[in-house]
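Peer 1: return atomic coordinates for the entry below.
(4 chains)
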There are 2 protein chains.
Amino acid sequence: MPYPSKLTPDAIEAAAWYLFNTGGPDALSMRPLADALGVRPGSLYRYFDSRDTLLAALTERAARDLQREIQFAAENHLPRNALQAVAGAYLHYARTQPHAYALLLVPADEGSSPGLKTSAGKELWNTLLRLVGDLSGNPDDTDHAVALWTFLHGAASLERAGVYGPSGPRSGLELGLAAILDHAQEAGSARNAPS
Amino acid sequence: MPYPSKLTPDAIEAAAWYLFNTGGPDALSMRPLADALGVRPGSLYRYFDSRDTLLAALTERAARDLQREIQFAAENHLPRNALQAVAGAYLHYARTQPHAYALLLVPADEGSSPGLKTSAGKELWNTLLRLVGDLSGNPDDTDHAVALWTFLHGAASLERAGVYGPSGPRSGLELGLAAILDHAQEAGSARNAPS
DNA sequence: GTCTATACCTTGATAGAC
DNA sequence: GTCTATCAAGGTATAGAC
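Peer 2: Alright, predicted model coming up:
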């Protein structure tokens, strides 16, 4: 029975995901990955054209993961609280899976596509857009969604860069988040009761 | 006259700066750098311990550059307009020198220190803090400064990731910026006229 | 003191044998 | 489908020529 081959795309991806999340991009190299799978480096190329292709798969996976966390966090909350919870979940994911998160927003010039232009990435955006719409009353409120996402990513990114220091800028973040949510909410009120 | 050596730290740094800003991190490799200087790779190590040391020098340089741009943009403006101009200058720098900008906020685990913890980086922060203080009336308003910087970096970062698309989310960014500046300004008013 | 020559090791990737 | 070579390019270290 020669059928069950040692390798499958899923097995490779799983091992790669582990290596990547454990040690970051540098830890994901073809040789150690092959070692982990009990195989020779060259064999991997039968399933993934290149390391970049493999990274693209991991990117998609990261987007799906984060989208699920966001969705879950928002459930059973009123709009304002939902977004507050989403912000927490977003930052929590960026904190606990920093490498995977970084994959989502790789600069455009560094090969692989931006990560959030994947199908999973678009779903993530739509989820955010819907939640913001619930707050502001505008179902297609891209402006506030963009502002919110911009702020969340900035927070995740600066935190990861170690800029905030140990004491943490919690108050600064909460303040900024509140400023944006307030703005969206006021826009909603103005809609319902135009002067 | 054997004295004038072919290499000087400044010459190396300048060539490295050019390579780096032109082609990104990958373009800064020791061999091409040596070629550009008409020298053998090994020679570079008399002046810089490693590629990382060289990168650290470039990081310092980037922080200095950005700080100067910010300072210049803020001159001769009233607080609110100054910060608006600063935001523009910040994003402009991130747009036109993307690689140098990225150097400032390298994730903490990727070797070299966060870039903004250099002396030039601290100056940058102090500049921002002062300008925010002028608006809110609180000379040490770290909260609003953090919120503003978080938002600016998020914008620079998402833009670079190509997330906003060609049409640009100008309105979303202006809206978020306005929300934060308004919040700071209102805090200032409340200070002067406490209820 | 300054630079060259050279070598070592690790990457990603490919071609062809089995 | 997997292995065995093998390649080019990268960062780095050292020994020795000038």
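
Peer 1: so residue A:124 sits against residue A:67, correct?
Peer 2: Yes: because the distance of 4.3 Å satisfies C-beta atoms under 8 Å, residue A:124 is recorded as touching residue A:67. Backbone N, C-alpha and C define where each C-beta goes, glycine included.

Peer 1: of the two, who's got more company?
Peer 2: A direct count of neighbours by other C-beta atoms under 10 Å in any protein chain shown for residue A:124 and residue A:67 places residue A:124 higher, at 24 against 19.

Peer 1: so does the helix or strand encompassing the more buried one get close to chain B?
Peer 2: Residue A:124 is part of helix A:119-136, with elements assigned from DSSP states H and E. No: Helix A:119-136 is not in contact with chain B by C-beta under 8 Å from any C-beta of the partner chain; minimum separation 8.6 Å.

Peer 1: got a list of what residue A:187 touches?
Peer 2: By C-beta atoms under 8 Å, 6 or more residues apart in numbering or on different chains, the contact list for residue A:187 reads A:136-138, A:141, A:144.

Peer 1: and if you look at residue A:156?
Peer 2: With the criterion set at C-beta under 8 Å, 6+ apart, residue A:156 makes contact with A:90-91, A:94-95, A:101.

Peer 1: for it, give its distance to DNA strand C.
Peer 2: If you measure residue A:156 against DNA strand C using C-beta to the nearest atom of the strand, to the nearest Å, the figure is 26 Å.

Peer 1: what's the angle between the helix or strand containing that residue and helix B:142-160?
Peer 2: Taking DSSP H and E as the definition, residue A:156 sits inside helix A:142-160. Using axes from the mean of the first three to the mean of the last three C-alpha atoms, to 10 degrees, the interaxial angle of helix A:142-160 with respect to helix B:142-160 works out to 110 degrees.

Peer 1: skip ahead from helix A:142-160 and say which helix or strand is next.
Peer 2: The helix or strand immediately downstream of helix A:142-160 is helix A:170-192, counting by DSSP H and E.

Peer 1: tilt between that following helix and helix A:119-136?
Peer 2: What separates the directions of helix A:170-192 and helix A:119-136 is an angle of 70 degrees, with the same axes, to 10 degrees.

Peer 1: and helix A:170-192, what's buried?
Peer 2: Using 16 or more other C-beta atoms under 10 Å in any protein chain shown as the test for burial, helix A:170-192 gives A:172-173, A:175-177, A:179-181, A:183-185, A:187-188.

Peer 1: surely residue A:135 and residue A:80 touch.
Peer 2: Yes: proximity of residue A:135 to residue A:80 meets the contact threshold set by C-beta under 8 Å, at 6.1 Å.

Peer 1: what's the overlap in contacts for those two?
Peer 2: A:181, A:185.

Peer 1: more neighbours: which of these two?
Peer 2: Just comparing residue A:135 and residue A:80: by other C-beta under 10 Å the higher neighbour count belongs to residue A:135, 21 against 14.

Peer 1: residues contacting that one?
Peer 2: Counting by C-beta under 8 Å, 6+ apart, residue A:135 makes contact with A:79-80, A:83, A:144, A:181, A:184-185, A:188.

Peer 1: do residue A:164 as well
Peer 2: Taking C-beta under 8 Å, 6+ apart as the criterion, residue A:164 is in contact with A:158, B:146.

Peer 1: what mean pLDDT does the helix holding residue A:124 get?
Peer 2: Across helix A:119-136, the average pLDDT comes to 93.

Peer 1: gap between that helix and the chain center?
Peer 2: When C-alpha coordinates are averaged (C-alpha atoms, centre = their mean, to the nearest Å), helix A:119-136 and its chain have centres 13 Å apart.

Peer 1: check stretch A:145-153 too.
Peer 2: Per C-alpha atoms, centre = their mean, the centroid offset for stretch A:145-153 relative to its chain is 13 Å.

Peer 1: again with stretch A:93-106
Peer 2: The gap between the average C-alpha position of stretch A:93-106 and the chain average comes to 6 Å, counting by C-alpha atoms, centre = their mean.

Peer 1: DNA strand D contacts on chain A?
Peer 2: When proximity is defined as C-beta under 7 Å from any atom of the strand, chain A approaches DNA strand D at A:5-7, A:39-43, A:46.

Peer 1: hmm, which two among those are most spread apart?
Peer 2: The widest separation within those, taken as C-beta to C-beta, falls between A:5 and A:41 and amounts to 16.3 Å.

Peer 1: in the helix holding residue A:156, what counts as buried?
Peer 2: Of the residues in helix A:142-160, those scored as buried under the neighbour-count criterion (16+ other C-beta under 10 Å) are A:143-160.

Peer 1: what do you get for stretch A:82-92?
Peer 2: Using 16+ other C-beta under 10 Å as the burial criterion, the residues of stretch A:82-92 that qualify are A:82-87, A:89-91.

Peer 1: can these go into JSON lines with extra columns for pLDDT, secondary structure and distance to DNA strand C?
Peer 2: As requested, those are exported to JSON lines (pLDDT from 0 to 100; DSSP: H, G, I helix; E, B strand; the rest coil; distance: C-beta to the nearest atom of the strand, whole Å):
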{"residue": "A:82", "pLDDT": "98", "secondary structure": "helix", "distance to DNA strand C": "40"}
{"residue": "A:83", "pLDDT": "98", "secondary structure": "helix", "distance to DNA strand C": "39"}
{"residue": "A:84", "pLDDT": "97", "secondary structure": "helix", "distance to DNA strand C": "40"}
{"residue": "A:85", "pLDDT": "98", "secondary structure": "helix", "distance to DNA strand C": "38"}
{"residue": "A:86", "pLDDT": "98", "secondary structure": "helix", "distance to DNA strand C": "35"}
{"residue": "A:87", "pLDDT": "98", "secondary structure": "helix", "distance to DNA strand C": "35"}
{"residue": "A:89", "pLDDT": "98", "secondary structure": "helix", "distance to DNA strand C": "31"}
{"residue": "A:90", "pLDDT": "98", "secondary structure": "helix", "distance to DNA strand C": "29"}
{"residue": "A:91", "pLDDT": "98", "secondary structure": "helix", "distance to DNA strand C": "30"}
